[in-house]
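Asker: Build the 3D model from these lines:
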Amino acid sequence: MNLKELLRDVDDAEGPGLPSVSASDGQAGDAELVSISAGNAEDVLTKHVSRLTKAADDGRIVGGNDTSIQAVPYQVYILLQKGNDYFQCGGSIINKRNILTAAHCLTDIQKAYVRAGSTDSNDGGQQYESRALIQHPMYNPTTSDYDVGIIKLLKPIKLDGTTTKAVKLAPKNSKVEPGTDILVSGWGTTSENGNTSTNLMSVIVPVVSNQDCSKSYSGITSRMFCAGVAGKDSCQGDSGGPAVSNSDKVQRGIVSFGIGCAREGYPGVYTRVAAVRSWIDLNSLI
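Answerer: As a prediction, the model looks like this:
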């Protein structure tokens, strides 16, 4: 199976605009990047379906609702450059110089452009360029284990506390209990193989135990947790985005992969932030 993610084109709020994007359909199963440039170029990243998308037409989180950046001010939109192709991911602000995302979003990427402080993926807020792209050294593209990465920015984000705010990260080694309501946000597709959205979306999904999740996926590790229910899920284009506990807005996970989107019996799989917190702290110093 192949995983593809749709990207969108992003205008520069503080400089020249970015290239426009063309759509490509995505299919869950194997992790692939979908590019934004003309054509349907894909880059297979893993044997899971990562939730990275190619810049394209409208679409978003499955079974969710429109939201605003004020509701999730830690959320950012990421446009990723690989040669002449561009890809879309989500991410979260962990401090004024660092963005947390998925490792698979950064594979073979040369530069990242981050839009912060906007509900619209194409307009508003402020845009920042990457200084460095860091993948966890133990990231395994075949199993999606340790699927965590950091984008270091050239200039600091202006944190206003309303549309741009650093997210609180889960404490080291803390657990995500089954049944916990997780809020996931992003500009990904609204259906499997669908189109991406220009408006920020969010959905609340319940955590599923790793034991139950292992009935659907092989290779679920302690660096992962699963969440979802039939009809509600993250999807292509949401990769790298934040998954926070709805009660306290602490980031518990990073959108990683899944088979399809919102399929019955196949919850989304997330990198567990608490399990990689030490690495995040070490690599996100200002």
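Asker: What does the pLDDT read for residue 284?
Answerer: The pLDDT attached to residue 284 in the predicted structure is 97.
Asker: cool, and residue 117?
Answerer: Looking at residue 117, its pLDDT stands at 98.
Asker: and if you look at the one 4 residues further on?
Answerer: Confidence at residue 121, expressed as pLDDT, is 92.
Asker: Quick check: it vs residue 216, distance?
Answerer: When distance is defined by CB to CB, to the nearest Å, residue 121 is 30 Å away from residue 216. (Glycine included, C-beta is placed from N, CA and C.)
Asker: Pick out whichever of the two has more residues nearby.
Answerer: When neighbours are counted by other CB atoms under 10 Å, residue 121 comes out ahead of the other of residue 121 and residue 216, with 29 against 18.
Asker: so where's this protein shaky on pLDDT?
Answerer: Applying pLDDT under 70 to the chain flags the ranges 1-64, 189-196, 230-236, 260, 262.
Asker: and stretch 91-105, which residues are buried?
Answerer: Of the residues in stretch 91-105, 91-95, 97-105 count as buried by neighbour count, 16 or more other CB atoms under 10 Å.
Asker: same question, stretch 145-160
Answerer: Buried residues in stretch 145-160, defined by neighbour count with 16+ other CB under 10 Å: 145-153, 157, 159.
Asker: Mind checking which of the residues you listed are in helices?
Answerer: Secondary structure of these is defined by DSSP state H; no position falls in helices.
Asker: can I get the residues you listed in TSV with distance to residue 165?
Answerer: TSV is the format used below for the buried residues of stretch 145-160 (distance: CB to CB, whole Å):
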residue	distance to residue 165
145	30
146	27
147	24
148	21
149	21
150	18
151	17
152	19
153	16
157	10
159	6
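Asker: which residues touch residue 240?
Answerer: Shown here is residue 240, whose contacts under the criterion CB atoms under 8 Å, 6 or more residues apart in numbering are 52, 78, 89-91, 100-102, 104-105, 149, 254-255.
Asker: And it, how far from residue 173?
Answerer: To residue 173, residue 240 is 22 Å away according to CB to CB.
Asker: And for residue 85?
Answerer: Distance, residue 85 to residue 173, by CB to CB: 38 Å.
Asker: So these two - more neighbours on which side?
Answerer: The residue with the greater number of neighbours, taking residue 85 and residue 173 and applying other CB under 10 Å, is residue 85; the counts read 23 against 11.
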